[in-house]
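Q: The following comprises the amino acid sequence and a computationally predicted model.
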Amino acid sequence: MQVVIIGNGIAGVTTALSLRKRRRDWGITLISGESDVFFSRTALMYVFMGQMRLKDTQPYEPHVWREKRIERVRGWVTHIDVGERRVRLDDGRAIAWDRLVVATGSTPNRFGWPGETLGGVQGLYTLQDLETLERAAADARRAVVVGGGLIGVELAEMLHGRRLPVTLLARESAYWNNALPAEEAALVTSVVRAAGIDLRLSTGLAFIEGDARGRAATAVDTTGARHDAQIVGLTAGVRPNLSAVVGSGLATGRGIRVDRTLHTGVDDVWACGDCAEIVEPGAPPDAPGRVEQLWYTGRMQGEVCAANVAGEQVAYDRGIWFNSARFFDLDWHTYGHVPAALDPPDAALRQAVWVDAPRRRLVRIVARDGAVVGVNSLGLRQRQAVWTRWIAEGRSARDVAARLDDAVFEPEFTGRLDPRAAAALKEQLA
């Protein structure tokens, strides 16, 4: 049995390693045009900032692939032929498969901005992006970053760390307030500006002008303001990378449409990770599915995918949602259901928020029928196991508010919560 996996990110690699545990005698081939090695994509910023080496971002030693007998092929897949059961690479090679897993990840959004193909204009997603950014930063004087999300603030911090003045353009009225409630967005906005970033809100990119060498020279925003910029970072989100499946016959919407076993509906073909669009049972054929583009969901989907490729019947269940990030020196954690805004209002939800702006701390508890369903935390690292247990058990929101210190991670370093926070949250939830 020959299994081919397209993509060696977290979803593809997890599929390969999990499958090898189940099937010792099968052939497993990982194909990637990006890199010969598997690395932590979320750690690329620390490589650029000099805090890590690229080899420090690799979770597995090189000998693992030899010992696990996982063949690695370097090349970009340009076509999937489901009839002949072959994938074709950009150099003309064809690789046969009995079972196929597509784990091609994401690709940065581009919106056809004039000048977006100039030198020095790029996203931050692949290893190649990191390499071009290194070259561009060597002689750049200023940078503009476009996009008000997590990748945008990371890229701004990276360039700021190289002592490059950075202007950050965000369409939102407060940083990332399409995902964060108002109080959280306001606190993040203040932290980004306090760090020295020229954050321009309620504006976006209009076009980019180049110099005589065909490289970026000026970014013009939608207010007409002109910004000197030899680097223009385009970080306006990502979308599933579907380039390999064009013309394959696999059903696509936002991503490759799969059921909860991550099967595509085509015999012996599965998809997982950022490129997969999970469609719930009984949904109409044109109903949008769910795309989950996080490291931990990619890992979980890889484990489920491996089980099903091996012949088991396992349904993917993400469990309680969580995410975390760092805005310069401000930690953000979220667990469960925390809406950015309620439109239309949900009368069944109660929210309580406590903000300590001088110390850059915030806690928000969201409850339904008195039971906690979600939490946001800024400035205090949280214990995932504690919060997921509280939410799963349907703990009383008032009880949780009184026990917040139980969930604080490393209180000896980050400190404990102000006792007034619990009292304020309990009062709001009364």
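A: Structure's in. What do you need? Residues are numbered from 1 along each chain as shown.

Q: Quick check, central residue of this structure?
A: The residue lying closest to the centre of the chain (C-alpha atoms, centre = their mean) is Leu294, at 4.3 Å.

Q: gap between it and Leu150?
A: According to C-beta to C-beta, to the nearest Å, Leu294 and Leu150 sit 10 Å apart. All C-beta spots, glycine's among them, are computed from the backbone N, C-alpha and C.

Q: I'd like to know how many residues surround Gly196.
A: Residues within reach of Gly196, counting by other C-beta atoms under 10 Å, total 11.

Q: How is it assigned, secondary-structure-wise?
A: Secondary structure, DSSP: H, G, I helix; E, B strand; the rest coil: Gly196 is coil.

Q: my read: it touches His160, true?
A: Yes - Gly196 is in contact with His160 according to C-beta atoms under 8 Å; the separation is 6.3 Å.

Q: quick one: Arg193 is in a strand?
A: No - Arg193 is assigned helix when assessed by three-state DSSP, not a strand.

Q: contacting residues around the nearest residue to it once chain neighbours are set aside?
A: Spatial nearest neighbour of Arg193, excluding adjacent residues (C-beta to C-beta, 6 or more residues apart in numbering): Leu199 at 5.3 Å. Counting by C-beta atoms under 8 Å, 6 or more residues apart in numbering, Leu199 touches Thr167, Leu168, Ala170, Tyr175, Thr189, Val192, Arg193.

Q: circling back: tell me the spacing between the residue nearest to the centre of the chain and Cys275.
A: From Leu294 to Cys275 the distance is 13 Å (C-beta to C-beta).

Q: same check, this time on Ala348
A: Taking C-beta to C-beta, one finds Ala348 at 35 Å from Cys275.

Q: Quick check: buried residues in stretch 191-207?
A: Val191, Val192, Ala195, Ile197, Asp198, Leu199, Arg200, Leu201, Thr203, Gly204, Leu205, Ala206 (16 or more other C-beta atoms under 10 Å).

Q: How about stretch 325-332?
A: Ala325, Phe327, Phe328, Leu330, Asp331, Trp332.

Q: Inside strands: which ones of the residues you listed?
A: Ala325, Phe327, Leu330, Asp331, Trp332 (DSSP state E).

Q: Do you have the strands of the stretch 301-430 of the chain handy? List them.
A: 322-327, 330-336, 349-356, 361-368, 371-378 (DSSP state E, counting those that start in this stretch).

Q: Was I right to think Gly7 contacts Val102?
A: Yes - if you go by C-beta under 8 Å, Gly7 and Val102 touch, sitting 7.1 Å apart.

Q: Quick one: neighbours of Val238, just the number.
A: 18.

Q: Run through the residues that contact the closest residue to the residue nearest to the centre of the chain other than its chain neighbours.
A: Leaving aside its sequence neighbours, Leu294 sits nearest to Asn323 (C-beta to C-beta, 6+ apart; 6.4 Å). Residues in contact with Asn323, defined by C-beta under 8 Å, 6+ apart, are Leu294, His333, Thr334.

Q: Return the distance of Asn323 relative to Gly149.
A: Taken as C-beta to C-beta, the span from Asn323 to Gly149 is 12 Å.

Q: which SS class is Leu130?
A: Quick answer, by three-state DSSP: Leu130 is helix.

Q: Show me the helices in the stretch 201-350 of the chain, by range?
A: For the stretch 201-350 of the chain, applying DSSP state H, counting those that start in this stretch gives helices covering 295-309.

Q: quick one: low-confidence ranges for it?
A: 342-345 (pLDDT under 70).

Q: how about Ile80, secondary structure?
A: strand.

Q: Surely it is in contact with Leu89?
A: No - Ile80 sits out of contact with Leu89 when judged by C-beta under 8 Å, with a separation of 11.1 Å.

Q: Have a look at those two and say which one is more surrounded.
A: Set Ile80 next to Leu89 and count neighbours by other C-beta under 10 Å: Ile80 wins out with 24 against 17.

Q: Please name the nearest non-neighbouring residue to that one.
A: Ser248 (4.0 Å).

Q: Might you report the residue contacts of the closest residue to Thr218 other than its chain neighbours?
A: Excluding its sequence neighbours, the residue lying closest to Thr218 (C-beta to C-beta, 6+ apart) is Glu209, at 4.3 Å. Contact analysis of Glu209 by C-beta under 8 Å, 6+ apart lists Gly115, Ala216, Ala217, Thr218, Ala219, Val220.

Q: number of nearby residues for the second one?
A: Here the count is done by other C-beta under 10 Å, and Ala216 has 25 residues near it.

Q: For it, give the beta-bridge partners.
A: Beta bridges link Ala216 to Gly210 when assigned by DSSP bridges.

Q: And it, how close does it get to Ile231?
A: Distance from Ala216 to Ile231, by C-beta to C-beta: 7 Å.

Q: any shared contact partners between those two?
A: Contacts common to Ala216 and Ile231, judged by C-beta under 8 Å, 6+ apart, are Gly120, Val121.
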